[in-house]
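Trainee: 3D model of this:
(2 chains)
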Amino acid sequence: MSSEQNLSADVVIVGSGVAGSSIANELARAGISVIVLEAGPRVDRQHFVENFRNLENKPSYQGPFPAVPWAQHPPDQQTPNEYLHTSGPDAEAYQQVYLRMMGGTTWHWAGCAWRYLPSDFELKTRYGQGRDWALKYDDLEPFYYQAEVMMGVCGPDPAVEDLGSPRKQVYPMDALPISYAAQQFRKLISEKTPWRVVHEPQARNTRPYDRRPTCEGHNNCMPICPIGAMYNGSYSVYDAEAAGAKFIPNAVVYKIERDSANKRVTALHYFDPDKGSHRVTGKYFVIAAHCIETAKLLLVSADEQSPEGVANSSGHVGRNMMDHTGVQVTFISGGEAWWPGRGPLETNVIDNFRDGPWRNERGAYLVHMVDDNQVDLATQLAISKGYVGRELEEQIRYLASHTVRLFSHNEGLADPDNRLTLNKTKKDMLGIPHPDVYYKLPEYTVRSCENTREVFRQMIGLMHGTDEQWTPGYFPQDHPAGSTIMGVDPKDSVVDGHCRTHDHDNLFIASSSVFSSVGTGNITLTVAALALRVADTLKKELIHA
Amino acid sequence: MPDLKNSFYTLLVAGTVFAGPGTGVVLAADTDLAPAGRGAAIEGSGPDDEATLARGEYIATAADCIACHTSKGGKPFAGGLKVGTPMGDVISTNITPDPEHGIGKYTEQQFDQAVRHGVRDDGSYLYPVMPYVSYAGMTDQDVTALYAWFRHRVKPVAESPPATSLSFPASMRSSMAVWNMFATKETPGQGDSATYNKLKRGEYLANALEHCGTCHTPRNFMLDEKHDRYLAGGPLSGWYAPNITSSVSSGIGNWSEADIIVYLKTGRAQNHAQAAGPMGEAVEHSTSRLTDPDLEALAAWIKQVPAMDDDLEHKPRDSFGQAVNAPDIRTKVPSRIDDLSEMTGPHIFDANCAACHGRNGSGTDDHYAPSLFANSVIGTTRPDNLIMVVLNGVNRTAGKDHAGMPGFGADSQVQRLSDSEIASLVNYVMGTFGSGDPHVTAEKVASFRNK
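Mentor: Modelled structure (predicted):
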């Protein structure tokens, strides 16, 4: 079935998340015509909020965002995964979640907006591990700031709290007020350990910004900020539309058409939910469809010209799957009540382990003190201890005010064997195969996690903790990266330093899939900075052309 | 700014007819008005000394010149703010002391002619969106101080906003001469306004400076303020400037002086009302910056304004409602995500309002998000201001105190509600927490967009 519709634009983008929508916004503002194809539906905040309120399982991050049949995404980490099929020794640790919706997965992130460290881009040179990126920190610095302004990032005064990523400007917004729990945590760490707790840069408003209100501390960043104080991709969608970009929801791209020389992409083909097929032509194409879906699309597009998939002469599409696979523990502090769960979810980080000479043998990590409401966990624990009636209520109150939750982001490493492939039997309603991922945690990361566990044990000791509950094995952090890895050599990488595919001159990728190493900070700000840099490249080429 | 929508056209047509060939005569006659003499210097001070400049700055603040003469995000007093009328936008002018683009060449007499008489340096008349009929009540001394401050302390801005370009007949500024002839003006205050007793000072602040009546006094068909309905409320570019007379049933007769003072100082009087839209701006730029004695004087004056009853309001606007626990609308399962069928009022409230104002409408403990009951905006029978707040939000700073609510209109980043969603929401909120369901329709909401 083919449509008569003739769609064409200077630049055609797949995916409307932070990467795709911010590129669309930059290009449209420069007068360049843009079409964005989003596989999922367009839904506004109030429907997500209503879904959240209706859900019984409040901690379910994916719950308020059920997938549509034509654009499936993984259900929660905790449930058997019916879409992203993982295998290998650490299959459980790669059950990533993400959203296929207009605006993308930032509907339910925690707003953590880290810049990478300069060393993160030079892991091989500095530590003999993994890979170097085909760009340096300084190449990205102006785009980091542009991304911070776009999202509205608050952060500490760099003169007081240097987070290790050199800045030319202060943060667009002042730091958040520190919650009571965070104050207690800071005090403990600074008095009793050689480490420090820093204010995590956050894409959330500490003053009215971008026509959105100041954060009120609903403690609900995930699954949904109910008031719009935290950045998500939908704002960039709105901005891009106001500048003239066209967004098409429910447009599931399934084929990347190239010219006879296989050097340039000529069109994208997408299915609508009724499997009507549409062709969209353009001068440039950007795949900004999240690490998993981007690799999947390139593989799905395999044909006679490119039997291993588009942009895959290196064979590295789908390989090098990374994450910040980490360690998580909750316990009951034996000290004073510290009442976590007031304010944003994640604002306090121990950053001492983000870099060091030991990185030549074990991965870096950062530690989050998660400031979330612990009534659910406290109630389970109190019931499991057999309390009833008034004592149960008292115990819930006590435990909820004393629960400590820590988790870590541990540095993954590019390993070609950690690989995304297409499932041979399971397909979605449009006939597009589900993704499979084989995952074995690299030894480099295993050693990092062991070190983290030791640090966590020390902290439990410091806080006279009881009732430790360790997440079995490892903890997926939903920061997948590496599936279209960046490099200088077209033989072992998919894109160059400008995120242009080595194989196709006019095909770019804007996603964490291009990361050559994964560092320790949350990936979104780096995704946005890379995307804005792609927009800059495209503007230069299109305007000069 | 006064709502010119309903009667401006009538006025202008009438004005043109009246003016006709005699306009020149009228103009000539009117410009013969006795020029104000040089105001007496403030006692013990020269004309341009610090005391005079400080007085001038305070008068400019109390008269809220900046509100209209600064565009959004523009340079102070450089003009460019558009005030919509059915004839086109009236665009405020540059009143910085730049000689080419502003009022740098104005003599004090010319300045006075503009401020108190509505006549420009070229002899043509200002559009009455400039409240010179109120400023006419300023003392000579205060005009002198104001002039000195504008000349010496306002930073010149060498740019001109676009000229106002109205369609015929409003394009004929001469028609304004006729209006000017009929319009009722304040009588210039005498002596030193700083020495007035409390009530007289309050009257002076209310009428000559803050020009409360410009918005709060309804206008007759000629757009002149109806002085027999002083401060009895009137429409205002989509907003409704409420009745603030001492009527208990229709005005703010149940407010104490302290309530009025805290409202003017902070923009909110708990369990009474909070300022948004043009009043939010007036609080931000003007009333929050008044001295405490002046606030007391202003409150005392407002408190004694004769009660005017209202056809629609029969019970204090802030006396309605109570915390109402919303019915349980939980389904325990999320709706399918691509089902975007329109939600009902309770659901729209739940998804967009309850996070801050509470499911039971009681607001936050610190009143940052006000309660929806005991709240004039919800208790009034006129849904205008609630519709405007939902569309445009609140953004008000008074001193260090900021109040913010995102808008839910067409350029909202948070949530863009449709006309029918806003109608359902307003009807639900007023029905649940206020004076009753006002039966607002989607068409009515549409008419409030872009006001």
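Trainee: what about the strands in the stretch 101-250 of chain B?
Mentor: Listed in chain order, the strands of the stretch 101-250 of chain B (DSSP state E, counting those that start in this stretch) span B:234-236, B:239-241.
Trainee: which one of those strands is the most hemmed in?
Mentor: strand B:239-241 (a mean of 24; mean count of other Cβ atoms under 10 Å in any protein chain shown). Placement of C-beta: from N, CA and C, glycine included.
Trainee: in terms of mean pLDDT, which of the strands of the stretch 101-250 of chain B ranks lowest?
Mentor: Ranked by mean pLDDT, those end with strand B:234-236 in last place, scoring a mean of 89.
Trainee: partner strands of it and their direction?
Mentor: Here strand B:234-236 is paired, per DSSP bridges, with strand B:239-241 (antiparallel).
Trainee: show residues contacting the strand it pairs with.
Mentor: B:215-216, B:233-235, B:277-279, B:380, B:382, B:384-385, B:388 (Cβ atoms under 8 Å, 6 or more residues apart in numbering or on different chains).
Trainee: nearest to A:Ile248, out of the strands of the stretch 101-250 of chain B?
Mentor: Nearest to A:Ile248, of all the strands of the stretch 101-250 of chain B, is strand B:239-241, at 38.6 Å by Cβ to Cβ.
Trainee: which is the next helix or strand following the closest one?
Mentor: helix B:257-266 (DSSP states H and E).
Trainee: contacting residues for residue 67?
Mentor: Since no chain was named, I'll use chain A. Counted by Cβ under 8 Å, 6+ apart, A:Ala67 has contacts A:Gly40, A:His73, A:Pro75, A:Tyr83, A:Arg100, B:Ile337.
Trainee: was after chain B, sorry
Mentor: B:Ala67 neighbours (Cβ under 8 Å, 6+ apart): B:Pro278, B:Glu281, B:Ala282, B:His285, B:Ser286.
Trainee: out of the residues you listed, which sit inside helices?
Mentor: B:Pro278, B:Glu281, B:Ala282, B:His285 (DSSP state H).
Trainee: next, format these as CSV and append neighbour count.
Mentor: Formatted as CSV, those follow (neighbours: other Cβ atoms under 10 Å in any protein chain shown):
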residue, neighbour count
B:Pro278, 20
B:Glu281, 18
B:Ala282, 21
B:His285, 18
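Trainee: and the residues you listed near chain A, which?
Mentor: The subset of the ones in helices among the contacts of B:Ala67 lying close to chain A, counting by Cβ under 8 Å from any Cβ of the partner chain, is empty.
Trainee: quick check: the residue of the stretch 251-400 of chain A nearest chain B.
Mentor: A:Pro273 (8.6 Å; Cβ to the nearest Cβ).
Trainee: just say helix, strand or coil for that residue.
Mentor: coil (DSSP: H, G, I helix; E, B strand; the rest coil).
Trainee: what pLDDT does it get?
Mentor: 97.
Trainee: again, but for the one 3 residues further on
Mentor: You'll see A:Gly276 listed with a pLDDT of 97.
Trainee: give me phi/psi at it?
Mentor: phi -70, psi 140 (degrees, to the nearest 10).
Trainee: where does the stretch 1-150 of chain B dip in pLDDT?
Mentor: B:1-47, B:84-88 (pLDDT under 70).
Trainee: next: the stretch 101-250 of chain A.
Mentor: Using pLDDT under 70, nothing in the stretch 101-250 of chain A is flagged.
Trainee: which ones are touching the residue nearest the centre of chain A?
Mentor: Residue closest to the average C-alpha location in chain A (Cα atoms, centre = their mean): A:His479, at 4.4 Å. The contact partners of A:His479, by Cβ under 8 Å, 6+ apart, come to A:Gln96, A:Asp323, A:His324, A:His409, A:Ser512, A:Val518, A:Asn522, A:Ile523.
Trainee: can you get me a residue count around A:Val160?
Mentor: 8 (other Cβ atoms under 10 Å in any protein chain shown).
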